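[1] coordinates only, sequence not included:
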């Protein structure tokens, strides 16, 4: 009989690592499946959320797995992690579905049926009628506030009453993108925007858990974006439209990561009538590769169609104020290097102001604000402003 010692093989460390590594998930894989820092809020049905956190959760990963099973958007890493930190952890989801929250003044704010009337859909073609205004319409301004914070200035200075917002929405093909655009992150943190990506059944069940009842027929088209087939393709003319988004929080600060502030007082909540998301294309794998003039012209034409379609969709809603999110440069539906800030600003000027004797679309709004604040470094704000000033002839 051979001794047990003679049966033991000396395995090199490298060989052991090769045998074990294929069966082990990487840290990145685990983060995509189970986002970190999942928390819950203290308080039951009788105690609305007041930004009180614990490091433990009764929902956490099971809730994320449930949302991921019902909506394809939660397979998108950046959207899922931003939703957890800005919407779930901050108490925004509980306030929207529970239809009540505690303001910073310590008073309970009850939300009516209006917050449940959110409507989301893909816009492949705009239909309707829009009337151009007079000489006092079509004012173009550049502001260093975030998109949502610019609305108050637009209302007081230019007399706007209803607002449309154009922002860069996430692409389902960018599953491993590390972050969303500044405007979309702010919508998740401060508004009821996140409800558009949750199924109706999940909204009803979660609302009951938060001590409320969600109407079964709330929001015609709400939750219609949960499937991949119902979401716009990246770089296409079509976009995503969300109507009746309610702003429930103020912003904590101007820098990145300070989107979640205190809940607004009872009279401070206000609606964004229409938000239009331009679904951006993924960044080119070889961003340093040179492209010829034909590809550049084709990209510019495709981008111009996106911009025209977005502004037309906002014009037919009857909104008199247009907010354009430019926190990371002039809003571009295409993130490839062939569309620069200068080219993007020229396209926006051509669509809004007109060209070749054809009138532009700016006259359909009292004022159009290019919102440069929210995440951008001061140097980038200056570069974006210079590109817009050169394009609009200021």
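    All right, it came through fine. Everything numeric in this text was worked out from a predicted model, so none of it was measured.

[2] now the helices for the stretch 51-200 of the chain?
    Taking DSSP state H, counting those that start in this stretch as the criterion, the stretch 51-200 of the chain carries its helices at 60-70, 77-82, 92-98, 150-158, 182-190, 200-209.

[3] Let me have these in TSV, adding distance to residue 267 and mean neighbour count as columns.
    The C-beta positions use only the backbone N, C-alpha and C, and glycine is treated the same way. Shown next, in TSV, are the helices of the stretch 51-200 of the chain (distance: least, C-beta to C-beta, whole Å; neighbours: other C-beta atoms under 10 Å):
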stretch	distance to residue 267	mean neighbour count
helix 60-70	32	16
helix 77-82	29	21
helix 92-98	16	26
helix 150-158	13	18
helix 182-190	17	26
helix 200-209	24	18
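
[4] of those, which approaches residue 277 most closely?
    Among these, the nearest to residue 277 by C-beta to C-beta is helix 182-190 (7.3 Å).

[5] Which neighbouring elements make contact with that closest one?
    Applying 3 or more C-beta pairs under 8 Å, 6 or more residues apart in numbering; DSSP states H and E, we find helix 182-190 packed against helix 77-82, helix 92-98, strand 163-169.

[6] can you redo the ones you listed as CSV with distance to residue 391 and mean pLDDT?
    Supplementary listing: these in CSV, determined by distance: least, C-beta to C-beta, whole Å; pLDDT from 0 to 100:
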stretch, distance to residue 391, mean pLDDT
helix 77-82, 30, 89
helix 92-98, 36, 91
strand 163-169, 16, 94
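
[7] With distance to residue 187 as extra columns, can I get the ones you listed in TSV?
    Formatted as TSV, the helices and strands packed on helix 182-190 follow (distance: least, C-beta to C-beta, whole Å):
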stretch	distance to residue 187
helix 77-82	10
helix 92-98	10
strand 163-169	7
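
[8] give me every residue that touches the spatially most central residue of the chain.
    For the chain, residue 184 is the residue whose C-alpha lies nearest the centre (C-alpha atoms, centre = their mean; 1.9 Å). When contacts are counted by C-beta atoms under 8 Å, 6 or more residues apart in numbering, residue 184 touches 82, 167-170, 193, 277.

[9] Quick check: it vs residue 172, distance?
    Counting by C-beta to C-beta, to the nearest Å, the gap from residue 184 to residue 172 is 13 Å.

[10] what's the pLDDT at the closest residue to residue 104 other than its chain neighbours?
    Nearest-residue entry for residue 104: residue 262, 3.9 Å, with adjacent residues in sequence omitted and distances by C-beta to C-beta, 6 or more residues apart in numbering. In this prediction, residue 262 carries a pLDDT score of 91.
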